[in-house]
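S.K.: for reference, the sequence and a predicted model appear below.
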Amino acid sequence: MTNVVSGIAYAGPSGAIDPSPELDGGTAPRPAWLDEVAVRLESVAPQYFSRFLPPEEGGRESAVLILFGPPPAGVEDEGEHVVLIERSHTMRTQPAQIAFPGGSRDPGDDDLVATALREAQEETGVDPAGVEVIAQLPSLFLAPARFVVAPVLGWWAKPSPIGVRDPAEVHDVLSVPVSHLVAPSTRFSVTHPSGYVGPGFDLDHLFLWGFTAGLLSSVLELAGLSQPWDADLMRPLPERFLRQGRRA
């Protein structure tokens with residue numbers, strides 16, 4: 001079943017997010033702001049996206065897919081959406097966190113773009129053939145797991161139905177309107193007892209923070225889509241995420 005709340009479409013193991021019937025198998029035109037991101041990438045340093053850059057000794061290669069596309073069936077918002085996942089609540093690491101589809105590079109992957117597309121297909125069922133790869137962003141570092149993550153920016157030119165493929169890894173698949181993400185009322189700063197302060201997004205009943213929120217915020221700003229928001233509005237990281245950190 002697919003639920004739509006606040007313009008966000010959710011699909012669990014028994015549901016699917018379907019393409020808009022208006023496309024009817026056709027190609028969705030790529031928005032100009034995505035091309036603007038590709039141009040601006042040439043003049044920004046990796047530190048623009050994160051202060052955590054890969055160490056000289058490297059780490060485990062991985063990739064995530066930042067996939068923007070047209071609105072799916074059943075939502076009124078006419079602007080672009082982005083695909084996110086809510087990780088399974090029973091995973092040993094980062095359970096229930098909101099993330100981009102992605103994972104570790106396999107020996108059979110030709111490159112990190114192939115990794116991002118394969119992982120997205122395995123987690124959400126997205127058909128890689130319908131994805132236009134716009135750019136590969138600078139690789140960033142996730143220190144706790146020692147992942148060197150390559151973010152791959154894509155446009156969903158020919159959307160396919162998506163939903164949870166493996167409930168052991170994914171609890172929900174989300175299609176989130178860009179208009180929701182840039183609305184000042186959904187933005188705030190997240191504080192962590194460690195002293196970390198970073199961007200956060202209110203996704204209806206979900207809490208988007210950390211690596212995914214920072215990367216998404218940077219991409220939207222680079223696209224020229226961000227609206228002024230109150231960065232002094234602070235929200236502490238929910239206790240459930242702090243407990244995860246202690247277990248790890």
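M.R.: Arrived safely, thanks for sending.
S.K.: so what's the nearest residue to S88 once chain neighbours are set aside up against?
M.R.: Nearest residue to S88, sequence neighbours excluded (C-beta to C-beta, 6 or more residues apart in numbering): H171, at 5.0 Å. Any C-beta I mention is one placed from the backbone N, CA and C, and that applies to glycine too. Counting by C-beta atoms under 8 Å, 6 or more residues apart in numbering, H171 touches G12, I85, E86, R87, S88, H89, A96, V164.
S.K.: the closest residue to the second one other than its chain neighbours and L225, how far apart?
M.R.: If I follow you right, that is I85. Leaving aside its chain neighbours, I85 sits nearest to V170 (5.0 Å; criterion: C-beta to C-beta, 6+ apart). Distance, V170 to L225, by C-beta to C-beta, to the nearest Å: 27 Å.
S.K.: then L242?
M.R.: 31 Å.
S.K.: compare these two (neighbour count), which wins?
M.R.: Neighbours around L242 and L225, counted as other C-beta atoms under 10 Å, are more numerous at L225. The numbers are 18 against 13.
S.K.: do you have the strands of the chain handy? List them.
M.R.: With strands called from DSSP state E, the chain shows them at 2-5, 8-11, 60-69, 81-87, 98-99, 102-104, 131-136, 140-142, 147-156, 170-177, 187-191, 197-203, 206-208, 234-236.
S.K.: what about L216, how many residues nearby?
M.R.: So L216, with other C-beta under 10 Å, has 22 neighbours.
S.K.: follow-up on the earlier one: what's the separation between the residue nearest to I85 and W33?
M.R.: 28 Å.
S.K.: who has more neighbours, the two?
M.R.: V170 (23 against 16).
S.K.: low-confidence stretches in the chain?
M.R.: Residues of the chain meeting the criterion pLDDT under 70: 1-2, 243-248.
S.K.: find the residue at the geometric middle of it.
M.R.: Against the mean C-alpha coordinate of the chain, by C-alpha atoms, centre = their mean, the closest residue is F100 at 3.2 Å.
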